[in-house]
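Participant: Structure for this input, please:
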Amino acid sequence: MSNIHDVIVIGAGPAGYTACLYSSRANLSVLCFEGWQPGGQLTTTTVIENYPGFEKGIDGKELMKEMRAQAAVFGTEYISKDVTRVNFATTPKKVYVGEEEYEAKVVIIATGAKPRKLGLESEERLWARGVSSCATCDGFFFREKKVAVIGGGDSAMEEANFLTKFASKVYLVHRREEFRASKIMLDRVRANEKIEILTNKGVEEVLGEQKVTGLKLKDTVSGETSEVELDGMFLAIGHVPVTQLFEEINKDENGYLIHNENTMTNIPGVFAAGDCVDHRYRQAITAAAMGCQASIDAEKWLETQ
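Facilitator: As a prediction, the model looks like this:
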């Protein structure tokens, strides 16, 4: 077997694993860099109820495990390391892990996105000590405690409602008076007796030394500051695409990769799929669909070369 693979896939969420499946099933040699924590954001969820084919839902980690295994059946190879740099100006394309070099005729980027943070020193210091971005992962640890959810979209509403299964009280903290959330999601929050909504409030500091003990808030209208005692803070203020590695590729103003109608980027032979491209739908099924598209587009492009 040649040292030059037909396809290298960078990323291992629904988009990455689906791209691996379709490419390897097309009898292409596929190498997937899945990072140290393969599976993407779905591994931080519990039951997924809206992925077709699972009447009773399926655990996020289990779904990713099945996707990975299915691609492996057709020959996909996996490296559980993070790519550190790339060189797409060459033919074949070069991908590096430290000083180790790997080559492929085409590359499919499916690196996804990560939760957006507030950018506070105290937030970083207390990360995993009461600060989290995943209610389904960490909500259990806050039984009969007070927590806050930061954000104003559907994700924030969902997180707040979910946390009331465990917490004695949930504060929903939002910088504005208006919410981006859909009416049905906002109505559910407003109807939940355990949730108190704090509008026009921004987080100035996460309080606590070894663990979260409260938040220092600033009123975005009056400028006045106040403090609220609680045990945990959950971020739900959007996501940042994991695209910093790809300086050669065109991006939009928010850092999402730009591809054409055939999922190819501005660099011939480099394709992109999933949440590193999609800032609109951000669903497991749409990511998987884009992984399928990128694989088929890559296969057809290879045939022309």
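Participant: and the nearest residue to Leu235 once chain neighbours are set aside, how many residues sit next to it?
Facilitator: In space, and not counting its chain neighbours, Leu235 is closest to Ser133: 4.5 Å by CB to CB, 6 or more residues apart in numbering. Where C-beta positions appear, they are placed from N, C-alpha and C, glycine not excepted. If you count neighbours by other CB atoms under 10 Å, Ser133 ends up with 22.
Participant: Repeat that for Lys211.
Facilitator: Considering only other CB under 10 Å, Lys211 is surrounded by 12 other residues.
Participant: what's the answer for Phe162, then?
Facilitator: 17.
Participant: got the contact list for it?
Facilitator: Neighbouring residues of Phe162 by CB atoms under 8 Å, 6 or more residues apart in numbering: Ala135, Thr136, Gly139.
Participant: just checking, Met67 touches Ala15?
Facilitator: No. Between Met67 and Ala15 there is no contact under CB atoms under 8 Å: 10.2 Å.
Participant: The residue nearest to Leu235 reaches Phe234, doesn't it?
Facilitator: Yes. Counting by CB under 8 Å, Ser133 does reach Phe234; the two are 6.7 Å apart.
Participant: can you list the weak-confidence ranges in the protein?
Facilitator: Along the chain, the parts satisfying pLDDT under 70 run over 1-2, 44-46.
Participant: Scan it for its longest strand.
Facilitator: strand 100-109 (DSSP state E).
Participant: List the neighbouring strands of it plus their orientation.
Facilitator: Applying DSSP bridges, strand 100-109 is found paired with strand 4-10 (parallel), strand 93-97 (antiparallel), strand 270-272 (parallel).
Participant: so Asn27, which of the three states?
Facilitator: coil (DSSP: H, G, I helix; E, B strand; the rest coil).
Participant: Just want to check the distance between it and Thr220.
Facilitator: Distance, Asn27 to Thr220, using CB to CB, to the nearest Å: 57 Å.
Participant: Ok, Asp82 next?
Facilitator: 37 Å.
Participant: what do you get for Pro92?
Facilitator: 52 Å.
Participant: Neighbour count: these two, which is higher?
Facilitator: The neighbour count for Pro92 versus Thr220, taken as other CB under 10 Å, is higher for Pro92 (20 against 14).
Participant: contacting residues for the residue nearest to Leu235?
Facilitator: Counted by CB under 8 Å, 6+ apart, Ser133 has contacts Pro115, Lys117, Phe234, Leu235, Ala236.
Participant: Before I go, just wanted to say thanks for your time.
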